[in-house]
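Engineer: no sequence for this one, just the structure:
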């Protein structure tokens, strides 16, 4: 925030997160520079990025931060679209082929299939691999269709 020194803000933020999450081992903090998500800006601004170890802690942290009136960015609480946030921040394409390895699969009652994979085990298929006859043959028989549309707007 522009009305408070970054070091004071960080101290306040760490206190809130420690109380909410039960200790400082549940999250990580780093200083970054980024363009604000709202409005047009020609210069990057300082931010503090908070990384939690799971989605549950992330939601609790965001709720606690919002409860004290702190402004947040890139903070979608909707778990249904959380993959879009991760894809945006990790610069992953949501509309091209990738190979997932070492993933965990879980079938959830009610017909939901859950796949968990580390970022290190997500590997996009390169242009050379697309031209490989083994890949192109497999992809031509795959009946999966995924349509993505990710546009974010802000209006005041």
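Structural biologist: Nice, thanks for sending it over. Given the structure is predicted, the values throughout are model-derived calculations rather than measurements.
Engineer: distance of residue 34 relative to residue 25?
Structural biologist: 26 Å (C-beta to C-beta, to the nearest Å). Bear in mind the C-beta positions are built from the backbone N, C-alpha and C, glycine included.
Engineer: actually, residue 106.
Structural biologist: In terms of C-beta to C-beta, residue 106 sits 26 Å off from residue 25.
Engineer: about what we covered before: neighbour count winner among residue 34 and residue 25?
Structural biologist: residue 34 (13 against 9; other C-beta atoms under 10 Å).
Engineer: and that one, backbone torsions?
Structural biologist: With angles defined as degrees, to the nearest 10, residue 34 sits at phi -150, psi 160.
Engineer: so where's this structure shaky on pLDDT?
Structural biologist: 1-2, 78-81, 143-156 (pLDDT under 70).
Engineer: just the helices in it please.
Structural biologist: 6-21, 55-67, 82-90, 127-130, 133-141 (DSSP state H).
Engineer: quick check: closest non-adjacent residue to the residue sitting nearest the centre point of the chain.
Structural biologist: Centroid-nearest residue in the chain: residue 86, 2.5 Å away (criterion: C-alpha atoms, centre = their mean). Among residues not flanking residue 86 along the chain, residue 92 sits closest, at 7.2 Å (C-beta to C-beta, 6 or more residues apart in numbering).
Engineer: that neighbour touches residue 122, doesn't it?
Structural biologist: Yes - the pair residue 92 and residue 122 passes the contact test of C-beta atoms under 8 Å, sitting 6.6 Å apart.
Engineer: tell me which residue lies farthest from the centre of the chain.
Structural biologist: residue 133 (33.9 Å).
Engineer: roughly how far does residue 52 sit from residue 108?
Structural biologist: 22 Å.
Engineer: so which of the two has more stuff around it?
Structural biologist: Taking neighbours as other C-beta under 10 Å, residue 52 and residue 108 compare with residue 52 leading, 17 against 8.
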